[in-house]
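Peer 1: missing the sequence, but the structure's below:
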């Protein structure tokens, strides 16, 4: 106690008292939690455009160009936002071209490691061209919005649409994700184009 050094308690005594000697009207414990509950939700949005090349001999899809324009309101930390966008776009690439969970007839997952569930690396990841627009959220004190999920929600559709568009002259209107080289090669073979 300030001014009375003989009156003291150890941290252990304080912690014990916080759970056993609770004054009336107080809850036990040393934890405190507070939740931000905005009056309404905030919604980021963006636009994603993809251009691909397809190797007709292997079915490999190469992303030639990818442009992402995101709006996450007022940006608090630009470097974190850019990292979230790059990470979300890279995960979108994985969703569109690599990742599938297979089950057997009893519902057991067939893959047991990341050898079976592919993750994009720097080798597969194209150069991302990014830009931002800013529409401040009226429901957030700083006008900010989240951005972590929007790129990996919007980008898979851009990847898939680019592949389908590249094959549309062959009458292709749909290919299920993930769009593996094997799937694309089979489509090309079926259409009489595969080398």
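Peer 2: Structure received. Quick caveat, the model's predicted, so the values are computed rather than measured.
Peer 1: which element is the residue nearest the centre of the chain on?
Peer 2: Among the residues of the chain, the smallest C-alpha distance to the mean C-alpha position (CA atoms, centre = their mean) belongs to residue 88, namely 3.8 Å. When secondary structure is defined by DSSP states H and E, residue 88 falls within helix 78-97.
Peer 1: what is that helix packed up against?
Peer 2: strand 61-71, strand 128-133, helix 150-167 (3 or more CB pairs under 8 Å, 6 or more residues apart in numbering; DSSP states H and E). The way it works is simple: take the backbone N, C-alpha and C, and place the C-beta from them, glycine included.
Peer 1: quick one, which of the ones you listed gets closest to residue 50.
Peer 2: Checking those against residue 50 by CB to CB gives helix 150-167 as the closest, at 3.9 Å.
Peer 1: mind listing what's buried in that closest one?
Peer 2: Going by neighbour count (16 or more other CB atoms under 10 Å), the buried part of helix 150-167 is 150-152, 154-156, 158-164, 166-167.
Peer 1: and of those, the nearest to residue 54?
Peer 2: For these, the residue nearest residue 54 by CB to CB is residue 166; the value is 5.4 Å.
Peer 1: report the contact partners of that closest one.
Peer 2: The contact partners of residue 166, by CB atoms under 8 Å, 6 or more residues apart in numbering, come to 52, 53, 54.
Peer 1: if we go to 6 Å?
Peer 2: 52, 54 (CB atoms under 6 Å, 6 or more residues apart in numbering).
Peer 1: pLDDT wise, what is it at?
Peer 2: Here, the pLDDT recorded for residue 166 equals 97.
Peer 1: equivalent analysis for the one 5 residues further on, please.
Peer 2: Predicted confidence (pLDDT) for residue 171: 96.
Peer 1: quick check: it vs residue 164, distance?
Peer 2: With the distance defined as CB to CB, to the nearest Å, residue 171 ends up 11 Å from residue 164.
Peer 1: how about residue 81?
Peer 2: Look at residue 81 and residue 164: by CB to CB, they are 30 Å apart.
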